[in-house]
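A.B. asks: 3D model of this:
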Amino acid sequence: MSEKKYYKLYKEIKSKILNGEYKANEKLPSKRVMADKSGCSTITVEAAYRSLIDEGYITSKERSGFFVNDIEGLFDASNVLPSYKIELLKDEEQRSAGHDFEYSVWFKTIRKVIADNGERLFVKSPNEGCAVLRNAIAKYLLRYRGMYAQPERIIIGSGSEQLYETVVRILGADKKYGIEYPSYSQIETVYNDCGANILKLEMGDDGIKSDALQKSDIDILHVTPFHSYPTGVTATVSKRYEYLKWAQKGERYIVEDDFDSEFFMPGHPIESLYFLDKNDSVIYMNTFSKSLSPSMRMGYMILPESLLERYNEKMKLYSCTVPVLDQYVLAEFISSGSFERHLNRMRHRQKVTR
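C.D. replies: Predicted structure coming up:
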């Protein structure tokens, strides 16, 4: 796109002012003379002069002309404009999504969503996420995982870190949070950044060691029951019930971070804490970074019904962090069965390569 003539002239005059060619209080050429010198119209000169006046470089005096303003420090040698050269960044290294993701199916879904929804994609998302995606996730969880969740309890977020932060906003930084040790480093980082008080609970062969959990004074237990990172430990059924029993005392909650279960599970997924919970004490969360691609910063959590009012109170001023188009595309991808076909294909491929 070519530069407008008045703006080009404005920059030339401004440069001459800054380098001292046009000095303080000096009268500039009239509009007609400047037009002749620069080879442009008086209208162009007038627009350039107007911009310089608006920025305070020159002043127009009636029947006298245009004068350079005497601005303190403007004509110091240090103010001479340097010659800048932009050092462009190299393009990111092209990498696979990690699971031989079928891009063509995703892009076909994008085209369909745009064609079907039009202006709806420009309506602001509710802070808890678009209904179309929350409905799709609820149906998927019931169909594929046997997990029953009303869509109103499903909250959309832009990945696990953002969901961790939302948990702290809902439950409060004054609570004591217990995390697995060792665990995914971002869990500790986000809780610390949110000002939460954390306690590291040592891991055993089947999950958090019983003594460590029972002797702790934590209010919130954050666990990754399936394939915990970096230990690789999957909590046994008895351990899961131990976690749930712990949550029955007082106002305690469990954050179930189920980020790895769908993709790596051969056959039917293992029963989640959320599925086993009878006391409305589990905050279930999952993302699509592992199952689809790390570039797709989308995730969700299911809140206990008892926390919905608190969520609405604490988060009413915050906007959903996932673009509406992305939400609609993922909803269509799930509802069409493409997501489940993708998971089945990738699990089969992983099983063959083992």
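A.B. asks: all contacts plus neighbour counts: C-alpha atoms, from now on.
C.D. replies: Noted.
A.B. asks: in contact with the residue nearest to the spatial centre of the chain, which residues?
C.D. replies: Centroid-nearest residue in the chain, with C-alpha atoms, centre = their mean: residue 158, separated by 4.3 Å. By C-alpha atoms under 8 Å, 6 or more residues apart in numbering, the residues touching residue 158 are 297-299, 321-322.
A.B. asks: in a helix, residue 107, correct?
C.D. replies: Yes. Assessed by DSSP: H, G, I helix; E, B strand; the rest coil, residue 107 belongs to a helix.
A.B. asks: contacts for stretch 131-147 next, please.
C.D. replies: Residues from elsewhere that reach stretch 131-147 (C-alpha under 8 Å, 6+ apart): 148-152, 154-156, 268-269, 271, 274-275, 327-328, 330-332, 334-335.
A.B. asks: low-confidence ranges in the protein?
C.D. replies: 1-2, 73-83, 93-100, 260-269, 350-354 (pLDDT under 70).
A.B. asks: how does the protein divide into domains?
C.D. replies: 5-79, 123-327 (automatic domain parsing).
A.B. asks: so which of those domains is nearest residue 92?
C.D. replies: domain 123-327 (12.4 Å; C-alpha to C-alpha).
A.B. asks: endpoints of the closest one, how far apart?
C.D. replies: Taking C-alpha to C-alpha, to the nearest Å, domain 123-327 runs 12 Å from one end to the other.
A.B. asks: same check on stretch 179-190?
C.D. replies: 12 Å.
A.B. asks: tell me which residues of it are tucked away?
C.D. replies: Neighbour-count burial for stretch 179-190 flags 179-181, 183, 187-188, 190 (criterion: 16 or more other C-alpha atoms under 10 Å).
A.B. asks: now do stretch 240-248
C.D. replies: 240, 243-244, 246-247.
A.B. asks: among those residues, which lie within helices?
C.D. replies: 240, 243-244, 246-247 (DSSP state H).
A.B. asks: which of those sits closest to residue 339?
C.D. replies: Nearest to residue 339 among those, with distances taken as C-alpha to C-alpha, is residue 240, at 27.7 Å.
A.B. asks: ok, that closest one to residue 191 distance?
C.D. replies: Counting by C-alpha to C-alpha - residue 240 and residue 191 are separated by 23 Å.
A.B. asks: against residue 247, how distant is residue 117?
C.D. replies: For residue 117, the distance to residue 247 - C-alpha to C-alpha - is 43 Å.
A.B. asks: follow-up on the earlier one: next, give me the two most distant ones among the buried residues of stretch 179-190.
C.D. replies: 181 and 190, at 15.3 Å, using C-alpha to C-alpha across these.
A.B. asks: residue 124 contacts residue 324, correct?
C.D. replies: Yes. Counting by C-alpha atoms under 8 Å, residue 324 is a contact partner of residue 124 at 7.2 Å.
A.B. asks: and the two? Which one has more around it.
C.D. replies: residue 324 (19 against 13; other C-alpha atoms under 10 Å).
A.B. asks: about what we covered before: could the ones in helices among the buried residues of stretch 240-248 go into JSON lines alongside distance to residue 225?
C.D. replies: Shown next, in JSON lines, are these (distance: C-alpha to C-alpha, whole Å):
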{"residue": "240", "distance to residue 225": "8"}
{"residue": "243", "distance to residue 225": "10"}
{"residue": "244", "distance to residue 225": "12"}
{"residue": "246", "distance to residue 225": "15"}
{"residue": "247", "distance to residue 225": "15"}
